[in-house]
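[1] How does the following fold in three dimensions:
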Amino acid sequence: MYGLLVRGYWLGPVRQLEAERKAKEQKKKLEDEKKKAAEEKASTKKTSKKGKKTGRSKGDSKKKRKDNRELRSPICCILGHVDTGKTKLLDKMRSTNVQDREAGGITQQIGATYFPMKNIEKATEELVKQTGKSLNAKIPGLLMIDTPGHESFTNLRARGSNLCDIAILVVDIMHLLEPQTLESIRLLKERKTPFIVALNKVDRLFEWKSTPNGPIRQSLKNQAGYVKQEFDTRTNQVIAAFAKEAEINTCLYYKNKDYKVWNSLVPTSAHTGEGIPDLLWLLVKMTQTFMRDQIAVSYSDLQCTVLEVKKVEGLGTTIDVVLVNGILREGDTIVVCGLQGPIVTSIRALLTPPPMREIRVKAEYIKHKQIKAAMGVKITANGLEHAVAGTQLLVCGPRDDIEDLKDESMADLASILSRVDPSGQGVYVQASTLGSLEALLQFLEDSKVPVSGVAIGPVHKKDVMKAAVMREHREEYAVILAFDVSASPEAKQMAAEMGVTIFTANIIYHLFDMVTKYFDDIRKKRRAEAAPKAVFPCILKIIPEFVFNKRSPIVVGVEVVEGILRKGTPLVITDKNPHLDIGTVTSIELEHKEKTEAKKGEQVCIKIEQNRGNQIILLGRHFNIENPMISKLSRESIRLLKENFKEDLEMEDWKLVVKLKKTFGIIGKA
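    Down below sits the predicted model:
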């Protein structure tokens with residue numbers, strides 16, 4: 001008989017089946033319990049993930065921790081086209097007048113202004129009363145950066161965009177989207193920077209009734225029906241332009257239901273201050289609601305950019321910087337990019353302008369032992385004379401390798417120096433900041449003007465001596481282009497003696513115009529000098545029925561088979577051996593009207609005059625109508641063509657030059 005041993009007890013055959021049934025049930029129960037536990041575990045994981053996604057469960061505690069973090073002042077850039085009113089808008093915010101002091105009213109460098117929260121709360125007081133939506137400010141204030149709007153300052157604008165957390169894009173309601181507006185949008189898109197559109201100059205609408213410094217909705221209520229209608233029409237045109245030209249959805253900020261999908265339009269007036277409370281309110285709300293991670297203070301990660309290098313009476317050479325993140329302390333060892341190598345020095349003093357004043361404007365400075373981000377700061381220290389504006393400032397910590405920091409600080413300048421022509425030939429360029437220097441270099445690169453050397457700061461005698469070297473190579477390159485920097489009297493005197501031209505301007509557009517005119521004049525002069533000797537390639541076929549005179553001057557009708565025929569072109573018959581010189585083209589006519597040139601396919605009448613004293617060449621005796629007439633090229637004429645008339649010839653014409661070089665036995669490069 002079979003039995004079953006369970007837990008040490010022997011069960012006889014009678015109880016064997018029952019014991020087997022119970023064992024199976026127990027096994028099934030254990031399996032069910034395991035399965036249930038596994039399902040519960042999976043369900044918990046799913047709920048946890050869902051909680052993170054929707055901001056519940058574990059995400060709730062994380063969010064609470066985020067709320068307790070210290071927030072820095074967001075950095076806000078103001079961008080837009082020339083004359084849209086960027087600086088004027090900032091002036092109205094802080095009740096100053098920087099714009100009128102700038103050359104031509106155009107911002108040439110980036111300026112920083114700090115707006116404390118108490119000033120923002122005061123400015124938005126009326127708006128909060130009307131809407132009932134309080135600020136609940138959790139940030140200490142706003143740091144505004146005014147960037148140049150004109151196209152040449154793409155690089156300077158790019159540096160500003162690198163600094164900023166959020167941007168104000170100023171658009172003129174009367175002019176829609178202009179070239180620099182689109183350029184600014186491209187920069188903001190590239191850096192994924194959120195922005196608010198300030199729809200400026202609403203006060204220019206016909207018969208607009210101003211409400212100084214008032215909320216924009218209050219101003220709109222005070223307008224006549226036809227003014228509101230014009231406002232709606234122009235606003236809709238701006239919305240359509242953003243959709244068509246920039247592929248961006250926009251709407252008026254008080255109609256915006258989803259700030260992540262739609263960009264807000266805030267109507268403003270830089271003259272009357274209307275809409276400025278709305279702009280400040282929206283900036284604070286957006287930054288502290290959607291950008292908490294970005295503006296959370298990080299004291300370990302220092303980010304600081306040099307905006308400008310200045311000599312200040314009583315302080316010596318100082319640097320204006322924007323502290324984006326971290327802390328700067330008096331006595332810190334800093335590393336800054338310098339024209340003559342990296343600068344290692346200690347901070348002697350940390351100075352800030354009074355709140356609501358711009359760092360570029362002279363004022364009584366406030367001294368600090370330490371400064372937290374974000375802030376515009378003036379730093380005084382030894383050895384800053386050759387510091388380069390537009391580069392990063394690094395602080396040397398106890399664990400940092402000073403040599404590594406030196407290499408890192410010089411990276412920006414290295415990219416600039418790579419643009420200097422390796423041949424050593426070209427113009428000499430000087431500017432006040434790295435950004436404006438890069439803008440100048442980009443313009444010269446586009447204009448195909450080589451650069452022999454660069455410098456940042458005023459023009460001195462040593463700079464004139466460097467530029468004077470070019471007189472031995474290419475006289476037209478003995479030029480110094482100086483933007484927003486002065487030339488010392490000694491330098492000007494030396495330049496006059498050595499034949500060096502110094503172009504100076506405070507507005508970069510004026511400098512561009514000067515340079516363009518200078519090189520255009522040189523080009524015209526060179527072309528005029530080269531014209532008699534530069535021979536254009538051409539092959540001519542005589543039209544039999546239009547032979548008017550067979551002896552000097554030969555007058556015949558011809559068709560330009562290939563190339564370009566110009567006045568002064570010497571013609572030869574290459575079918576003869578040796579080649580037969582038949583004279584020089586002195587006149588080209590079409591329908592009794594004088595022409596300077598004839599191109600491929602054209603039929604014209606030409607007069608060919610022969611050199612006196614030479615054998616008289618007769619058409620019909622020395623050469624026939626069937627013989628093609630070809631322009632006589634030489635090595636010298638081809639060289640002059642390349643140097644002065646390259647853009648006048650098409651690819652087909654250059655191929656003809658190559659073909660005729662073989663005909664005339666010109667070997668190698670001309």
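[2] Give me the neighbour count for the closest residue to Thr193 other than its chain neighbours.
    Sequence neighbours aside, Ala167 is the residue nearest to Thr193 in space, at 5.4 Å (criterion: Cβ to Cβ, 6 or more residues apart in numbering). Every residue, glycine included, has its C-beta placed from N, CA and C. Using other Cβ atoms under 10 Å, Ala167 has 27 other residues around it.
[3] and if you look at Pro570?
    18.
[4] Same check on Glu472?
    Counted with other Cβ under 10 Å, Glu472 comes out at 8.
[5] wait, Leu351 sits on Ala381?
    No. With contact defined as Cβ atoms under 8 Å, Leu351 does not reach Ala381; the gap is 11.5 Å.
[6] and Arg348, that one's in a helix?
    No. Counting by DSSP: H, G, I helix; E, B strand; the rest coil, one finds Arg348 to be strand, located in no helix.
[7] residue boundaries of the helices in the stretch 101-250 of the chain?
    Taking DSSP state H, counting those that start in this stretch as the test, the helices found in the stretch 101-250 of the chain are 117-123, 125-131, 154-163, 179-190, 216-221, 225-241.
[8] Which among those helices is found nearest to Val284?
    helix 117-123 (6.3 Å; Cβ to Cβ).
[9] Show me what that closest one packs onto, helices and strands only.
    strand 141-146, helix 276-290 (3 or more Cβ pairs under 8 Å, 6 or more residues apart in numbering; DSSP states H and E).
[10] Packing partners of the shortest one?
    With contacts defined as 3+ Cβ pairs under 8 Å, 6+ apart, the packing partners of strand 141-146 are strand 75-80, helix 86-94, strand 111-116, helix 117-123, helix 276-290.
[11] how about 7 Å then?
    Taking 3 or more Cβ pairs under 7 Å, 6 or more residues apart in numbering; DSSP states H and E as contact, the helices and strands that strand 141-146 lies on are strand 75-80, helix 86-94, strand 111-116, helix 117-123.
[12] ranking these by burial, who's on top?
    Among those, ranked by average contacts under mean count of other Cβ atoms under 10 Å, first place goes to strand 75-80 (a mean of 27).
[13] next one: that one to chain centre, how far?
    14 Å (Cα atoms, centre = their mean, to the nearest Å).
[14] Report the rounded mean pLDDT for that strand.
    On average, the pLDDT along strand 75-80 is 81.
[15] That strand pairs with which strands?
    In the sheet, strand 75-80 lines up against strand 141-146 (parallel), strand 166-172 (parallel) (DSSP bridges).
[16] Doesn't Asp421 lie inside a helix?
    No. Under three-state DSSP, Asp421 sits outside any helix and is assigned coil.
[17] which intervals of this protein have sub-threshold pLDDT?
    Counting by pLDDT under 70, the ranges of the chain that qualify are 1-30, 33-68, 82-85, 95-111, 146-163, 355-363, 435, 507-509, 612-614, 668-670.
[18] Now Glu70. Nearest residue, chain neighbours left out?
    Val297 (4.5 Å).
[19] Hmm, I typed the wrong one, I wanted Ser269.
    Asp203 (4.1 Å).
[20] Give the burial count for the one you found, as a bare number.
    For Asp203, using other Cβ under 10 Å, the count is 19.
[21] Val427: which of the helices and strands packed on strand 141-146 is closest?
    Set against Val427 and scored by Cβ to Cβ, these come closest in strand 111-116, at 29.0 Å.
[22] That closest one - contacts with which helices or strands?
    strand 141-146, strand 375-381.
[23] Please list the residues outside the shortest one that contact it.
    Going back to what we said before, that points to strand 141-146. Strand 141-146 is contacted by residues 73-78, 86-87, 90, 107, 110-117, 120, 160, 163-164, 283, 322, 374-376 when judged by Cβ atoms under 7 Å, 6 or more residues apart in numbering.
[24] quick revisit: help me confirm that the residue nearest to Ser269 comes into contact with Thr211.
    No. Asp203 is not in contact with Thr211 according to Cβ atoms under 7 Å; the separation is 10.1 Å.
[25] Tell me the residues that contact both of the two, please.
    In contact with both Asp203 and Thr211: Glu274, using Cβ under 7 Å, 6+ apart.
[26] my guess is the residue nearest to Glu70 meets Arg72, correct?
    Yes. In terms of Cβ under 7 Å, Val297 counts as a neighbour of Arg72; the distance is 4.8 Å.
[27] okay, these two: which has more neighbours?
    Arg72 (23 against 17).
[28] And the helices in the stretch 451-600 of the chain, which stretches?
    Under DSSP H, counting those that start in this stretch, the stretch 451-600 of the chain gives helices at 461-468, 489-498, 508-530.
[29] Just say which of those helices is most tucked in.
    helix 461-468 comes out most buried of the helices of the stretch 451-600 of the chain by mean count of other Cβ under 10 Å, with a mean of 19.
[30] Am I right that Val266 sits in a strand?
    Yes. Counting by three-state DSSP, Val266 is part of a strand.
[31] burial of it, as a residue count?
    23.
[32] what sits opposite it in the beta ladder?
    Beta-bridge pairing of Val266 under DSSP bridges involves Ala198.
[33] measure the residue nearest to Ser269 to Pro212 for me?
    Distance of Asp203 to Pro212, computed by Cβ to Cβ, to the nearest Å: 10 Å.
[34] and for those two, which residues touch both?
    In contact with both Asp203 and Pro212: Thr272, using Cβ under 7 Å, 6+ apart.
[35] Let me have the helices of the stretch 451-600 of the chain in TSV, extended by distance to Leu187.
    Converted to TSV, these look like this (distance: least, Cβ to Cβ, whole Å):
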stretch	distance to Leu187
helix 461-468	32
helix 489-498	36
helix 508-530	18
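[36] Of these, which is nearest Ala431?
    helix 508-530 (8.8 Å).
[37] And for that closest one, what's in contact with it?
    Residues from elsewhere that reach helix 508-530 (Cβ under 7 Å, 6+ apart): 108, 150, 152, 436, 439, 443, 449, 476, 481, 483, 503, 505, 640, 644-645.
[38] Which members of these are positioned in strands?
    Under the assignment DSSP state E, the contacts of helix 508-530 contribute 481, 483, 503, 505 to strands.
[39] what about the third one, distance to Ala478?
    Right, Phe503. Distance from Phe503 to Ala478, by Cβ to Cβ: 12 Å.
[40] Then Leu302?
    According to Cβ to Cβ, Leu302 stands 44 Å off from Ala478.
[41] Kindly report the same for Gly326.
    46 Å.
[42] Pick out whichever of these two has more residues nearby.
    Each of Gly326 and Ala478 has its neighbours counted (other Cβ under 10 Å); Ala478 has more, 22 against 19.
[43] Would you agree the more buried one is in contact with Val500?
    Yes. Using Cβ under 7 Å as the test, Ala478 is close enough to Val500 to be in contact (5.0 Å).
[44] what residues do these two have in common as contacts?
    Common neighbours of Ala478 and Val500, using Cβ under 7 Å, 6+ apart, are 467-468.
[45] between the helices and strands packed on strand 141-146, which gets nearest to Phe195?
    strand 75-80 (7.9 Å).
[46] relative to helix 276-290, how tilted is the closest one?
    Here the directions of strand 75-80 and helix 276-290 differ by 130 degrees (axes from the mean of the first three to the mean of the last three Cα atoms, to 10 degrees).
[47] C-alpha coordinates for strand 75-80, PDB please?
    What follows is strand 75-80, C-alpha atoms only, in PDB (Å, rounded to 0.1, in the frame of the first residue of the first chain):
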ATOM      1  CA  ILE A  75      17.300  88.600 -16.600                       C
ATOM      2  CA  CYS A  76      15.200  90.200 -19.300                       C
ATOM      3  CA  CYS A  77      16.600  91.300 -22.700                       C
ATOM      4  CA  ILE A  78      14.900  94.000 -24.800                       C
ATOM      5  CA  LEU A  79      15.300  93.300 -28.500                       C
ATOM      6  CA  GLY A  80      13.900  94.600 -31.700                       C
END
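[48] Quick one: neighbours of Glu475, just the number.
    11.
[49] Please disregard the earlier target; I meant Thr501.
    Thr501 has 15 nearby residues by other Cβ under 10 Å.
[50] what bridges to it?
    What pairs with Thr501, by the bridge criterion (DSSP bridges), is Val479.
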